[in-house]
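**Q** return atomic coordinates for the entry below.
(chains A, B and C)
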Amino acid sequence: MTENNFFNSVYEVVKLIPHGRVTSYGAIAAYLGAKSSSRMVGWAMNASHNYDSKIPAHRVVNRIGLLTGQAHFNGQSMQSLLEAEGIVVIENQIQNFANVFWDPETLNKDL
DNA sequence: GTGGTGACGACAC
DNA sequence: GGTGTCGCCACCA
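**A** Next up, the predicted model:
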């Protein structure tokens, strides 16, 4: 319950990802001050459905825009979900990644 | 309690 | 510039 845990913080950030944008595990980890713990972000995604199934985990990819977690999705593929938001994905690779990339720090600047 | 693994990332060679 | 290795922390056997 809004515990200030690392996992919960990750979910908060992921749910703040704007529509049609994506971010990376490392970016989230870095935003939380644990850039070295990027793996934990991925692990948090793995358990995300256990906390809140509404978490758009498909908007989270690795630093190169590769849909590494596609295999963990049931039924729906990350690519389909991302393309539905206007993101071009080819071979599990996000095209024009720099253009659709959203950094959590952007939210801070927008404040 | 120990060891191995993981939806990653950065550095060394 | 590609490959290999370590780190990081949480979870499972």
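**Q** and A:Ile90, its phi and psi?
**A** Main-chain dihedrals, A:Ile90, degrees, to the nearest 10: phi -130, psi 120.
**Q** next one: A:Val89
**A** Here is the backbone geometry of A:Val89 (degrees, to the nearest 10): phi -130, psi 130.
**Q** quick one: pLDDT of it?
**A** We have a pLDDT of 94 for A:Val89.
**Q** can you map out the helices along chain A?
**A** A:6-15, A:25-31, A:38-46, A:48-51, A:78-83, A:97-100, A:104-110 (DSSP state H).
**Q** which strands and helices lie in contact with the longest one?
**A** Looking back up the chat, that one is helix A:6-15. Packing partners of helix A:6-15 (3 or more Cβ pairs under 8 Å, 6 or more residues apart in numbering; DSSP states H and E): helix A:25-31, helix A:38-46, helix A:48-51. C-beta here means a position set from N, CA and C on the backbone, and glycine is covered the same way.
**Q** and of those, who's closest to DNA strand C?
**A** Closest of the helices and strands packed on helix A:6-15 to DNA strand C is helix A:38-46, at 4.1 Å (criterion: Cβ to the nearest atom of the strand).
**Q** export that closest one to PDB, keeping only CA atoms.
**A** C-alpha atoms of helix A:38-46 as PDB (Å, rounded to 0.1, in the frame of the first residue of the first chain):
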ATOM      1  CA  SER A  38      18.300  -2.000 -13.300                       C
ATOM      2  CA  ARG A  39      17.700  -5.700 -12.900                       C
ATOM      3  CA  MET A  40      15.400  -5.000 -10.000                       C
ATOM      4  CA  VAL A  41      13.300  -2.900 -12.300                       C
ATOM      5  CA  GLY A  42      12.900  -5.800 -14.700                       C
ATOM      6  CA  TRP A  43      12.100  -8.100 -11.700                       C
ATOM      7  CA  ALA A  44       9.600  -5.600 -10.500                       C
ATOM      8  CA  MET A  45       7.900  -5.800 -13.900                       C
ATOM      9  CA  ASN A  46       7.800  -9.500 -13.600                       C
END
